[in-house]
Each structure stands twice: as C-alpha cells, then as structure tokens.
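S.K.: turn this into a structure:
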Amino acid sequence: MEKRELPNSTLILVFGILSIVGCCCYGIAGLIFGIIALVMSRRAMEIYNADPELYTGYQNVKTGKILAIIGIVLGALGILASIVSLLFFGGIDAWQQAMEEISREYGG
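M.R.: Down below sits the predicted model:
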C-alpha cells in the first residue's frame, strides 16, 4: 500500500515557524500561530499513531509541534514584557507621549 502524507503536516511546520517569527509582534501573533499549530499537531499525531505504516510527514509534525511550543513560550514572554514595560514606564499615556516624541524627532 502506498504511503500518504499526513494531513496538514506542512501547514503545521509553517505555523510553527510563523509562531516564532510572530513573537516580534508583541507576542500576539506568535501565540496565535503557536496554539493553532499545537492543536493541529495533536490531531495529526493521533492519526499517525492509529496506523503509522500508512503515513509520511511525521517529522514535519514533530518539528512543527516543537516550534509551536517555543513560539508559545516566546509569545507569552513577549506579552508579559509588554505589560511589564507599560507598568514600569508610566502606563499607556507615557508610552503614547514617547511615540509622539519619537515621531516628531524623526519626522514620521
């Protein structure tokens, strides 16, 4: 019998990569892509474990799952760092004033 590709194995890997890249966006995008990849990988692993001889692409699923976990952790740390920096630097008003000052200084 011919082996088939696991459903969404490449997509899981892509979302895992995007979860790490998305951490640069204050952690929100990284968290979203990481959670989606983690849920999809759980389903793909269940399918693979039911009959491993029928499927290929399990390595993509495992790698995507690891990247998703890393992306979730980094995303959560990014969100936490954003919250802490807002609290320590005077809240949202001080942040908005700093952004306006930077905008005026650099002509944006």
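S.K.: CA only for contacts and neighbour counts going forward, please
M.R.: Fine.
S.K.: how far away from the center of its chain is the strand or helix carrying Leu18?
M.R.: Assessed by DSSP states H and E, Leu18 sits inside helix 9-21. Distance of helix 9-21 from the chain centroid (CA atoms, centre = their mean, to the nearest Å) equals 8 Å.
S.K.: now stretch 68-87
M.R.: 11 Å.
S.K.: tell me the buried residues in that stretch?
M.R.: Neighbour counts using 16 or more other CA atoms under 10 Å place 68-79 of stretch 68-87 among the buried residues.
S.K.: count the residues that sit near the nearest residue to Leu11 once chain neighbours are set aside.
M.R.: Nearest non-adjacent residue to Leu11, counting by CA to CA, 6 or more residues apart in numbering: Ala37, 8.0 Å away. Residue neighbour count, defined by other CA atoms under 10 Å, stands at 31 for Ala37.
S.K.: the strand or helix carrying Ala37 - what's its average pLDDT?
M.R.: Taking DSSP H and E as the criterion, Ala37 maps to helix 28-50. Taken as a whole, helix 28-50 has a mean pLDDT of 94.
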